[in-house]
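1. I would like the atomic coordinates for the input below:
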Amino acid sequence: MLLSRVLGLTGVLGGLAFLGCGGGPPSAASSQSAGSTGSGVGGASGASTTGRGGPPGTTSTSSGVACTPAPLVPGDDLTVQTRAGTVHGKLVSTVREFLGIPFAAPPIGERRWKPPQPAACWSDVRDATSYGNACIQILPNQSTIGSEDCLNLNVWAPETGARHLPVMFFIYGGAYILGSGNQDLIFDGTGNLYDGQQFAEQHNVVVVTFNYRLGELGFLAHPALAAEDPNGSSGNYGLLDQIAALKWVQANIASFGGDPTRVMMFGESAGGLSTCLLLATPLAKGLFSSALIESGGCLVGSKASRQMQGQAIQSTVGCGDTDAGDPLACMRALPATDFLVSPPSGFSPFIYTDTERAWEMLYGPNQDGYVFTEPPMESIKAGHGSVVPTIVGSNANEFDLFLAALPINTCLDYAAFVESLFPSAVATQILSMYDCITQFDGNGRYAASAVGTDFMFGCWARRIARAALQGGAPSVHRYWNPHTYTNSPLTLLRAFHASELPFVFGTTSVFGYTPTAGDTNVTSAFQDSWSRFAATGNPNGGSEFTWPLYDQTDPVVVIDDTLSAQVGVDTTNCDYWDSIAEE
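-> Next up, the predicted model:
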């Protein structure tokens with residue numbers, strides 16, 4: 001049953017991490033309307049009160065509007081003041097959970113396709129014991145969930161009363177069309193894959209997850225939107241939401257026991273891409289102290305291609321006719337469902353085999369001249385963004401997930417697959433480098449997976465690590481995860497894309513998996529290393545194993561039943577992929 005549900009997603013997921021070009025087909029979906037205008041990165045709900053729970057009194061939001069949060073109850077550790085108002089959470093075991101806290105105003109009405117604005121004040125104690133809305137999206141089963149009113153976050157904090165704890169700020173993946181800070185693994189109500197309870201309880205950290213706008217609602221660029229924005233920017237709203245959530249953390253996390261000077265930003269897949277992009281943009285400087293990228297790339301689309309895409313969407317929803325008047329007013333008046341992006345089916349249309357565009361995503365950020373003034377990798381290499389300790393890594397068989405539902409078994413199947421995706425000369429070279437007979441014993445699926453894994457993940461991890469090193473990051477580490485599930489249908493998918501997440505968060509129970517001793521070791525390796533990195537900027541210090549610092553020799557930490565180190569992963573193949581990318 002589990003494997004069938006996972007396989008049911010693979011036609012979708014074949015597109016999710018590889019929604020490759022900046023000009024994909026416009027679809028349908030958006031949300032309701034209402035609101036105010038504004039520009040700039042509206043950050044948060046202001047700057048936070050100090051101390052555990054924060055003292056009562058008047059605070060002000062980043063917009064300068066005075067808020068008077070409801071007073072605290074002495075001795076009540078489940079009531080906390082934020083700049084916008086007081087929240088009341090719940091205790092789960094020894095962890096305080098605060099769920100569904102607004103970090104920005106609802107991006108509806110006139111606020112649709114504008115930078116996030118500060119959340120409104122509230123005077124009563126706000127219930128924070130259940131998750132808020134996800135951002136509106138179509139699930140793989142074609143059902144629609146969420147709302148346009150979705151900019152909320154979740155905080156897990158130890159009950160201990162400790163202050164100045166390291167903060168782990170997680171960005172979810174989903175190809176910028178799916179996902180939330182409360183993410184079911186199989187989208188069927190089994191539980192939150194990103195639950196921060198175990199991290200907080202066992203590693204004495206504060207965990208934050210949040211939502212950001214998706215698809216056309218999060219990344220629609222348009223000349224008219226750029227013209228109305230004081231910075232000439234459009235299309236990067238989802239990234240600006242992420243920056244606003246980071247600003248909220250800086251302003252408020254001390255009230256929950258967190259240390260705003262020790263914020264580790266980490267994400268997986270499109271969340272790993274976001275993490276790298278936030279490393280690159282100067283707008284995020286000072287908002288985090290370290291960055292960790294799981295299975296991500298580091299590209300944005302061009303301003304021109306994204307604006308062309310936005311104009312095509314304008315026509316598709318019926319706002320392109322001159323009789324429609326103001327196109328922005330027309331589009332903002334439409335329901336959110338007119339801008340929803342349906343998860344793609346199939347695979348090949350969604351892998352963009354131009355290596356310079358492979359991580360742009362079908363809907364995603366663009367080099368708008370404000371959020372990004374240069375290609376992100378160039379910014380990182382030049383040290384123009386945040387120069388902080390960085391970890392980057394990938395899984396050994398990422399592409400197994402995306403190929404699971406495709407009829408690729410023989411070497412002939414493999415050859416046809418490669419030739420359908422890549423230009424002739426490149427395909428010939430690939431088939432020679434990844435020889436199906438000599439290297440994969442005639443297993444066409446494994447050969448195809450090796451190509452996709454290197455192309456989209458493993459070689460990108462090396463590329464980003466080298467860029468961070470060149471840009472002067474205080475420390476860089478690289479990891480590689482070959483760990484597989486045991487005695488499970490998922491064993492067939494080996495170390496597939498996102499397979500590490502249940503181990504990172506300790507949430508294998510959400511899909512009924514019973515960890516082995518080796519799995520427990522892997523969970524400890526991820527959680528110990530990640531939490532130490534959040535605390536100190538260094539994954540070392542908790543065991544006899546020492547993570548080697550990254551350098552041009554490409555040392556890689558192997559995360560499996562035991563930790564080990566090796567030099568490089570598929571080095572010759574990555575040299576080839578890098579040579580194409582640099583042409």
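2. Excluding covalently adjacent residues, which one is nearest to the residue nearest the centre of the chain?
-> With the centre of the chain defined as its mean C-alpha position, the nearest residue by C-alpha atoms, centre = their mean is Gly271, 1.3 Å away. Nearest non-adjacent residue to Gly271, counting by C-beta to C-beta, 6 or more residues apart in numbering: Ile171, 3.7 Å away. Bear in mind the C-beta positions are built from the backbone N, C-alpha and C, glycine included.
3. ok, the one you found - contacts?
-> Each residue near Ile171 by C-beta atoms under 8 Å, 6 or more residues apart in numbering is listed here: Tyr212, Gln242, Met265, Phe266, Gly267, Glu268, Gly271, Gly272, Ser274, Thr275.
4. Looking at those residues, which are in helices?
-> Using DSSP state H, the subset of these located in helices is Gln242, Gly271, Gly272, Ser274, Thr275.
5. Out of those residues, which two sit at the greatest distance?
-> Spatially, the most separated pair among the ones in helices among the contacts of Ile171 is Gln242 and Gly272, at 12.6 Å (C-beta to C-beta).
6. the strands in the stretch 251-400 of the chain, which residues?
-> Using DSSP state E, counting those that start in this stretch, the strands found in the stretch 251-400 of the chain span residues 258-268, 290-294, 301-302, 366-367, 390-395.
7. Can you list the buried residues in the longest one?
-> Read that as strand 258-268. Neighbour-count burial for strand 258-268, counted by 16 or more other C-beta atoms under 10 Å, picks out Gly258, Asp259, Pro260, Arg262, Val263, Met264, Met265, Phe266, Gly267, Glu268.
8. Then stretch 394-413?
-> In stretch 394-413, counting by 16+ other C-beta under 10 Å, buried: 394-406, 408, 411, 413.
9. Just name the lowest-scoring one in the residues you listed, pLDDT-wise.
-> Least confident of those in the model: Ala405, at 85.
10. quick one: which of the buried residues of strand 258-268 is nearest to Pro118?
-> Proximity to Pro118 was ranked across the buried residues of strand 258-268 by C-beta to C-beta; first place goes to Pro260, at 17.6 Å.
11. Confirm for me that that closest one is in contact with Val249.
-> Yes. With contact defined as C-beta atoms under 8 Å, Pro260 counts as touching Val249 (6.6 Å).
12. Common neighbours of the two, please.
-> Val167.
13. what pLDDT, on average, does the longest helix anywhere in the chain get?
-> The longest helix of the chain (DSSP H) is helix 517-536. The average pLDDT for helix 517-536 rounds to 97.
14. packing partners for that helix?
-> Where contact means 3 or more C-beta pairs under 8 Å, 6 or more residues apart in numbering; DSSP states H and E, helix 517-536 is packed against strand 165-171, helix 197-203, strand 258-268, strand 290-294, helix 501-505, strand 555-559.
15. Output the fourth one in CSV with nothing but the alpha carbons.
-> As requested, C-alpha coordinates have been extracted for strand 290-294 and formatted as CSV (Å, rounded to 0.1, in the frame of the first residue of the first chain):
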residue,chain,number,x,y,z
SER,A,290,24.3,29.4,8.6
ALA,A,291,22.8,27.6,5.6
LEU,A,292,22.2,23.9,4.8
ILE,A,293,21.1,22.8,1.4
GLU,A,294,19.5,19.3,0.9
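16. what's next to that strand, contact-wise?
-> Contacts for strand 290-294 (C-beta under 8 Å, 6+ apart): 263-269, 271-272, 275-276, 278-279, 386, 388-394, 461, 464, 500-501, 504, 530, 533-534, 537.
17. So what are the sheet partners of it and their directions?
-> Pairing partners of strand 290-294, with direction, according to DSSP bridges: strand 258-268 (parallel), strand 390-395 (parallel).
18. Let's have the ones you listed in TSV, adding distance to Gln81.
-> Formatted as TSV, the strands paired with strand 290-294 follow (distance: least, C-beta to C-beta, whole Å):
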stretch	distance to Gln81
strand 258-268	14
strand 390-395	34
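19. Nearest to Asn152, out of these?
-> strand 258-268 (17.4 Å).
20. ok but Arg96 is inside a helix, no?
-> No. Read with DSSP: H, G, I helix; E, B strand; the rest coil, Arg96 is strand and lies in no helix.
21. Can you tell me the closest non-neighbouring residue to Asn182?
-> Tyr131 (4.2 Å).
22. From Phe199, how far out is that neighbour?
-> Per C-beta to C-beta, to the nearest Å, Tyr131 is found 17 Å from Phe199.
23. neighbour count winner among those two?
-> Between Tyr131 and Phe199, counting by other C-beta atoms under 10 Å, Phe199 is the more crowded of the two (25 against 17).
24. residues contacting the more buried one?
-> Neighbours of Phe199 in contact, by C-beta under 8 Å, 6+ apart: Trp156, Met168, Val205, Val207, Phe505, Gly506, Gln527, Trp530, Ser531.
25. what stretches of the stretch 151-300 of the chain score poorly on pLDDT?
-> Residue ranges of the stretch 151-300 of the chain with pLDDT under 70: 185-189.
26. returning to that earlier point: as JSON lines, the strands of the stretch 251-400 of the chain with distance to Pro230 would be great.
-> Formatted as JSON lines, the strands of the stretch 251-400 of the chain follow (distance: least, C-beta to C-beta, whole Å):
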{"stretch": "strand 258-268", "distance to Pro230": "27"}
{"stretch": "strand 290-294", "distance to Pro230": "29"}
{"stretch": "strand 301-302", "distance to Pro230": "22"}
{"stretch": "strand 366-367", "distance to Pro230": "18"}
{"stretch": "strand 390-395", "distance to Pro230": "32"}
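27. Which of those sits closest to Pro376?
-> Nearest to Pro376 among the strands of the stretch 251-400 of the chain is strand 366-367; the distance by C-beta to C-beta comes to 8.4 Å.
28. doesn't Val207 fall inside a strand?
-> Yes. Checked against three-state DSSP, Val207 lies within a strand.
29. What is the neighbour count of it?
-> 27.
30. OK, contacts around the residue nearest to Asn573 when sequence neighbours are not counted?
-> In space, Asn573 comes closest to Asp454 once its chain neighbours are excluded; the distance is 5.0 Å by C-beta to C-beta, 6+ apart. Listed by C-beta under 8 Å, 6+ apart, the contact partners of Asp454 are Asp570, Asn573, Cys574, Trp577.
31. secondary structure class for Asp454?
-> Three-state call for Asp454 (three-state DSSP): helix.
32. From Met433, how far off is it?
-> Plainly put, Asp454 is 9 Å away from Met433 if you go by C-beta to C-beta.
33. Need the overlap of contacts for the two.
-> With C-beta under 8 Å, 6+ apart, Asp454 and Met433 have common neighbours Asn573.
34. tally of neighbours for the residue nearest to Gly369 when sequence neighbours are not counted?
-> Excluding the flanking residues, the one nearest Gly369 by C-beta to C-beta, 6+ apart is Gly232, at 5.9 Å. Here the count is done by other C-beta under 10 Å, and Gly232 has 13 residues near it.
35. One more: Arg466?
-> A count of neighbours around Arg466, defined by other C-beta under 10 Å, yields 21.
36. give me phi/psi at it?
-> Main-chain dihedrals, Arg466, degrees, to the nearest 10: phi -70, psi -40.
37. dump the residue contacts of Arg466.
-> Counted by C-beta under 8 Å, 6+ apart, Arg466 has contacts Gln552.
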